[in-house]
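Student: With the sequence up front, the predicted model follows.
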Amino acid sequence: MSDGASSGTLHDVGGQRVWLAEADGPPLRSDRDALALVSDTYAHRPDWIALPVARCGNEFFQLRTRILGEVAQKLVNYGLRLAIVGDMTKLVPESPALRDFVREANRGRQIWFVASFVELRERLEALS
């Protein structure tokens, strides 16, 4: 196990097991950090990992760094879905590429960007 990346709570939402990571945990800065999160939450067998925006490092949303893509791909490779939870209104307008990424991701069922856990709950319940 890593240094506390697993701190969070498990929720049953619309028949899906959602691990809500604590906002004050270590930031995800690489696919290794994503692997540590997968490892630390494995015993809980979540379908989704809800990751607060606060857990994303400063470069996470700069698509040129590829961190967001690598983290998302690592989770998807392990059969997990990712929800980035929190206010991104300041981040999205700064980057047309990120805005497009968020829009396309939200159309799918693997990676979502939601403003709150309540919004995530509503989207998951709508699927059930």
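Tutor: Alright, I've got the coordinates. Being a predicted model, the structure only gives us computed values, none of them experimental.

Student: where does the chain have its least confident helix or strand?
Tutor: Evaluated with mean pLDDT, DSSP states H and E, the helix-and-strand set of the chain has its lowest mean pLDDT in helix 31-41, which scores a mean of 89.

Student: Kindly export the very next helix or strand once past that helix (C-alpha atoms) in PDB.
Tutor: Remark: after helix 31-41, the chain's next helix or strand is strand 48-52, criterion DSSP states H and E. Below are the C-alpha coordinates for strand 48-52, written out as PDB (Å, rounded to 0.1, in the frame of the first residue of the first chain):
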ATOM      1  CA  TRP A  48     -15.800   4.300 -10.100                       C
ATOM      2  CA  ILE A  49     -13.200   6.500  -8.500                       C
ATOM      3  CA  ALA A  50     -14.400  10.000  -7.700                       C
ATOM      4  CA  LEU A  51     -11.400  12.200  -7.600                       C
ATOM      5  CA  PRO A  52     -11.700  15.700  -6.200                       C
END
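
Student: Neighbouring strands - and their directions - for strand 48-52?
Tutor: Strand 48-52 sits in its sheet next to strand 16-21 (parallel), strand 81-85 (parallel), going by DSSP bridges.

Student: Could you report the pLDDT at Val13?
Tutor: Val13 is assigned 94 on the pLDDT scale.

Student: residues in contact with it?
Tutor: 120-121, 124-125 (Cβ atoms under 8 Å, 6 or more residues apart in numbering). C-betas here are computed from N, CA, C, even on glycine.

Student: pLDDT, distance to Ile84 and secondary structure added to those, as a markdown table?
Tutor: What follows is these, written out as a markdown table (pLDDT from 0 to 100; distance: Cβ to Cβ, whole Å; DSSP: H, G, I helix; E, B strand; the rest coil):
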| residue | pLDDT | distance to Ile84 | secondary structure |
| --- | --- | --- | --- |
| Leu120 | 97 | 10 | helix |
| Arg121 | 97 | 15 | helix |
| Leu124 | 96 | 15 | helix |
| Glu125 | 95 | 19 | helix |
